[in-house]
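Chemist: Generate a structure from the sequence data that follows.
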Amino acid sequence: MTENIDHADLLMARISSVLEKDPALTPIQAAILAACALGIASDSRTFANRLGIEHALVLREIDDLAEDKGLLTLEKQEPRTLRQWYRPSGSAEPPTHA
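Modeler: As a prediction, the model looks like this:
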């Protein structure tokens, strides 16, 4: 149980950091980027289920992050469920340390 609280605190801290860097993002968009960076979710259905958000709303936010803001790259989509897999685009990826 403590581990889940630690993960929640880490996610919330990352969301706050993302919003500080780009206040034009919605809180859900910041959460999508933070969860992806932390390895919590890299597909729309997992993100929606883990955070208790409607899948349709998550899909709308992912579309905006990918097409309008260029912060996500869509990798594939399940036609039947519309589940989308994504990764941060080059402009959204954190710098790597050598």
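Chemist: I'd like to know how many residues surround Ser42.
Modeler: The number of residues packed near Ser42 is 18, by other CB atoms under 10 Å. Any C-beta I mention is one placed from the backbone N, CA and C, and that applies to glycine too.
Chemist: what's the answer for the one 10 residues further on, then?
Modeler: Burial measure for Gly52: 6 neighbouring residues, criterion other CB under 10 Å.
Chemist: pLDDT value on it, please?
Modeler: Note on Gly52: pLDDT of 94.
Chemist: ok, now Ala35?
Modeler: On the pLDDT scale, Ala35 gets 95.
Chemist: Which helix or strand contains it?
Modeler: helix 27-37 (DSSP states H and E).
Chemist: What are the buried residues along the helix or strand following that helix?
Modeler: Following the chain from helix 27-37 toward its C-terminal end, the next helix or strand by DSSP H and E is helix 44-51. Of all the residues in helix 44-51, those buried under the rule 16 or more other CB atoms under 10 Å are Ser44, Arg45, Phe47, Ala48.
Chemist: Compute the distance between the last one and Leu82, please.
Modeler: From Ala48 over to Leu82 the distance is 11 Å, taken as CB to CB, to the nearest Å.
Chemist: where do the contact lists of the two overlap?
Modeler: His55 (CB atoms under 8 Å, 6 or more residues apart in numbering).
Chemist: Any idea how many residues pack against Arg14?
Modeler: By the criterion of other CB under 10 Å, Arg14 has 18 neighbours.
Chemist: what's the answer for the one 3 residues further on, then?
Modeler: By other CB under 10 Å, 13 other residues sit near Ser17.
Chemist: distance of it from Glu61?
Modeler: Distance, Ser17 to Glu61, using CB to CB: 18 Å.
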